[in-house]
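**Student:** coordinates only, sequence not included:
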């Protein structure tokens, strides 16, 4: 396979590989190593049935199968792990996210065991559709100043499940629990997370949902949240992917957050998402 590195060191593009064929164990291990190093791998010009997409994905881990008690985007059926992320995707019974802005986030951070990685496979992308942008959260941590690193070193973050709120109503917000505690079970995770495969430290924080830090005052937490939010927003270590049909993007959901700007409601944009299960963050 031919590999091209992206600028800023975030992600690579791979050509001259056919993911629908039987991949050798050494090639699967090489792809995992590339994902660990670059956070994101773009495969161009793939032709994949749903079965082939699933077969490829689950060589890197088990299917993400959420508990029905804790709602997430899309399918609850472990026998059909593919979710349609689409706008004007009328041929599918269910599709999600439409054309609105999707703020920078890591998938399923509100669960006890968030997903470890995901794939998006572009089925039908029309002109003027939105790109997807990934931020490298290992470099987000590495580029923090020493004072901020010391403050957050032992801190835990609570991410409240946005699916208990009306769809589209949740935006990045630091929670004042004296006024409003969002619904649902909570699972605090270290804001400085250790990647289980690379052993790197990363900043495990989204800027999409309602969040709160454990065991600090609201004023202190609010100020810290905004400092970290501004740091993430101004990161240079990111990759913007402009979709083409038959692109497959495989990303590390532990070490990145991703963002999609809004686009025109009449533009058709259809992708298939498949997600790999993960462990409790530490």
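**Tutor:** Thanks, I have the structure now. Note that the coordinates shown come from a computational prediction; the quantities given were computed from them, not determined experimentally.
**Student:** Would you mind confirming that residue 120 is in contact with residue 132?
**Tutor:** Yes: look at residue 120 against residue 132 with CB atoms under 8 Å: they come within range, at 7.2 Å. The way it works is simple: take the backbone N, C-alpha and C, and place the C-beta from them, glycine included.
**Student:** Spit out the residues that contact these two alike.
**Tutor:** The overlap between the contact sets of residue 120 and residue 132 (CB atoms under 8 Å, 6 or more residues apart in numbering) consists of residue 249.
**Student:** May I see the buried residues of stretch 261-273?
**Tutor:** Buried residues in stretch 261-273, counted by 16 or more other CB atoms under 10 Å: 263, 268-273.
**Student:** ok but residue 243 is inside a strand, no?
**Tutor:** No: going by DSSP: H, G, I helix; E, B strand; the rest coil, the assignment for residue 243 is coil, not a strand.
**Student:** For stretch 207-216, what is the distance to the chain centroid?
**Tutor:** In terms of CA atoms, centre = their mean, to the nearest Å, the centre of stretch 207-216 is set 18 Å apart from its chain centre.
**Student:** Stretch 158-168 now?
**Tutor:** The answer for stretch 158-168 is 16 Å, by CA atoms, centre = their mean.
**Student:** go on, stretch 41-54?
**Tutor:** Here the centre of stretch 41-54 is set off from its chain's centre by 18 Å, with CA atoms, centre = their mean.
**Student:** Among the buried residues of stretch 261-273, which pair sits farthest apart?
**Tutor:** Farthest-apart pair in the buried residues of stretch 261-273 is 263 and 272; separation 18.5 Å (CB to CB).
**Student:** Show me where the stretch 151-282 of the chain has its helices.
**Tutor:** Using DSSP state H, counting those that start in this stretch, the helices assigned to the stretch 151-282 of the chain run over residues 218-233.
**Student:** Could you list the domains of this protein?
**Tutor:** 2-133+238-276, 136-233 (automatic domain parsing).
**Student:** Export those as a markdown table, with columns for distance to residue 282.
**Tutor:** Below are the domains of the chain laid out as a markdown table (distance: least, CB to CB, whole Å):
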| stretch | distance to residue 282 |
| --- | --- |
| domain 2-133+238-276 | 11 |
| domain 136-233 | 6 |
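**Student:** As CSV, these with mean pLDDT would be great.
**Tutor:** Output for those, formatted as CSV (pLDDT from 0 to 100):
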stretch, mean pLDDT
domain 2-133+238-276, 94
domain 136-233, 95
